[in-house]
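Novice: Generate a structure from the sequence data that follows.
(one chain, ligands or ions: 2)
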Amino acid sequence: MALITSLPRVLLGAVLATVQVRAHGIASALVVFPSASPTGTFYQGYNPSYQYANPPPTVVGWPTPKDLQNGFVSPSSYADPDIICHLSATPAGAEAPVDAGDTIEIRWTPWPASHKGPVIDYLANCNGPCESADKTRLKFFKISQVGLVDAASDVWGATQLTNNNNSWLVRIPTDIAPGNYVLRHEIIALHAAGQLNGAQNYPFCFSLAIASPGTSNPDGVLGTQLYKNTDPGIKFDLFTKHTSYDIPGPALYTGALSVVQSKAAAPKATAVGIKSYVASGPAPTLVKVPRPK
Ligand SMILES: *[C@@H]1O[C@H](CO)[C@@H](O)[C@H](O)[C@H]1NC(C)=O
Ligand SMILES: [Cu+2]
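Specialist: Numbers count the residues shown, from 1 in each chain. Ligands and ions are numbered 1, 2, ... in the order given. This next block holds a predicted model:
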């Protein structure tokens, strides 16, 4: 939400943000592109309207039924479990099967250009099925971070996301151990962040079943310990001249793979997900369904 509390100081930014007051987004779906393949599979994420469906659809996105206003988590709540996967999030009922090295497109509903800031992605190993994960024990390691891309034209990660049809690409590292993981994907909007607790975190989680030849189990950080409200990348005045930006959170994982942000190809198939990945068990069966409208 466009929470404007410093009107006189940042008038231009405030006006821009106010115009966009209803226009924030949610991360609504995934498209999984196997490495070196332009053909992807679409997985529906969660939408808060699903709480009115009986039964609600099983999706790979973590349910956030209280996020009916497409809201955010404030820096004053960084120690609250809501920062982990958004408001009152509970584990997804299915996992999107991916191979290490795959590229995942995360699709958002329209993201306002005024809501500039970094786009950050993390993984956390569920150490078992993610359907029964305790989010307060998940330890997240950072696999992608894009902050200020071009200072002269004030292009940020979120600007690229808006410009690429509200979508974001992230690659799954090839050296991590196979297993069920939570992908924590987040935009931090900085248009009101010049003031303490003015930043807006929009985290969304998806469950993945990752097949991988790797063996690494990277150290991670609890979601409630990722950020402090005084971090230089959290309390940050977007409307004074800046030439650099410190992306908040832990250091990027050394095995992180970079990807050039671009518009992804349209998905060729649609699937619901699987229940969880068991390295030694029988191959899980994918449920194919028509593309949701
Ligand atoms: C843009 O995103 C929308 C919503 O995710 C999708 O339906 C549409 O196919 C995308 N357009 C292109 C050109 O990729
Ligand atoms: Cu807003």
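
Novice: can you list the weak-confidence ranges in the stretch 151-293 of the chain?
Specialist: For the stretch 151-293 of the chain, the stretches flagged by pLDDT under 70 are 277-293.

Novice: all strands in it, in order from the N-terminus.
Specialist: Per DSSP state E, counting those that start in this stretch, the stretch 151-293 of the chain carries strands over the ranges 155-156, 167-171, 179-189, 200-211, 221-222, 269-270.

Novice: Quick one: closest of those to Asp82.
Specialist: Closest of the strands of the stretch 151-293 of the chain to Asp82 is strand 200-211, at 8.7 Å (criterion: Cβ to Cβ). Heads up, the C-betas are built off the backbone N, CA and C, glycines and all.

Novice: Can you tell me which helices and strands that closest one packs against?
Specialist: When contacts are defined as 3 or more Cβ pairs under 8 Å, 6 or more residues apart in numbering; DSSP states H and E, strand 200-211 packs onto strand 27-33, helix 82-85, strand 96-99, strand 103-108, strand 179-189.

Novice: The ones you listed: which one's closest to ligand 1?
Specialist: Smallest distance to ligand 1 across these (Cβ to the nearest ligand atom): 4.3 Å, for strand 103-108.

Novice: hey, C-alpha coordinates of the closest one in PDB?
Specialist: The C-alpha coordinates for strand 103-108 follow below in PDB (Å, rounded to 0.1, in the frame of the first residue of the first chain):
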ATOM      1  CA  THR A 103      14.900 -20.700 -14.700                       C
ATOM      2  CA  ILE A 104      11.700 -19.800 -12.900                       C
ATOM      3  CA  GLU A 105       9.600 -16.900 -14.100                       C
ATOM      4  CA  ILE A 106       7.600 -15.300 -11.200                       C
ATOM      5  CA  ARG A 107       4.500 -13.600 -12.500                       C
ATOM      6  CA  TRP A 108       3.100 -10.600 -10.700                       C
END
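
Novice: now the angle between strand 167-171 and it, please.
Specialist: Strand 103-108 and strand 167-171 meet at an angle of 150 degrees, taking axes from the mean of the first three to the mean of the last three Cα atoms, to 10 degrees as the criterion.

Novice: Quick one: work out the angle between the following helix or strand past strand 103-108 and strand 179-189.
Specialist: Scanning forward in sequence from strand 103-108 by DSSP states H and E, the next helix or strand is strand 119-125. Per the same axes, to 10 degrees, the angle that strand 119-125 makes with strand 179-189 is 160 degrees.

Novice: And the contacts of strand 119-125?
Specialist: With contact meaning Cβ atoms under 8 Å, 6 or more residues apart in numbering, strand 119-125 is reached by 138-146, 156-158, 160-161, 168, 170, 172-173, 176-177, 179-188, 208, 217, 220, 223, 247-249.

Novice: Would you confirm that Tyr50 belongs to a helix?
Specialist: Yes. Assessed by DSSP: H, G, I helix; E, B strand; the rest coil, Tyr50 belongs to a helix.

Novice: I'd say it and Pro57 touch.
Specialist: Yes. Using Cβ atoms under 8 Å, Tyr50 makes contact with Pro57 at a distance of 6.0 Å.

Novice: As JSON lines, the helices and strands packed on strand 200-211 with distance to Thr240 and mean neighbour count would be great.
Specialist: Listed next are the helices and strands packed on strand 200-211 as JSON lines, based on distance: least, Cβ to Cβ, whole Å; neighbours: other Cβ atoms under 10 Å:
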{"stretch": "strand 27-33", "distance to Thr240": "30", "mean neighbour count": "24"}
{"stretch": "helix 82-85", "distance to Thr240": "26", "mean neighbour count": "25"}
{"stretch": "strand 96-99", "distance to Thr240": "41", "mean neighbour count": "22"}
{"stretch": "strand 103-108", "distance to Thr240": "28", "mean neighbour count": "23"}
{"stretch": "strand 179-189", "distance to Thr240": "17", "mean neighbour count": "26"}
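
Novice: what would these look like in JSON lines with distance to ligand 2?
Specialist: Putting the helices and strands packed on strand 200-211 into JSON lines (distance: least, Cβ to the ion, whole Å) gives the following:
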{"stretch": "strand 27-33", "distance to ligand 2": "15"}
{"stretch": "helix 82-85", "distance to ligand 2": "17"}
{"stretch": "strand 96-99", "distance to ligand 2": "28"}
{"stretch": "strand 103-108", "distance to ligand 2": "13"}
{"stretch": "strand 179-189", "distance to ligand 2": "6"}
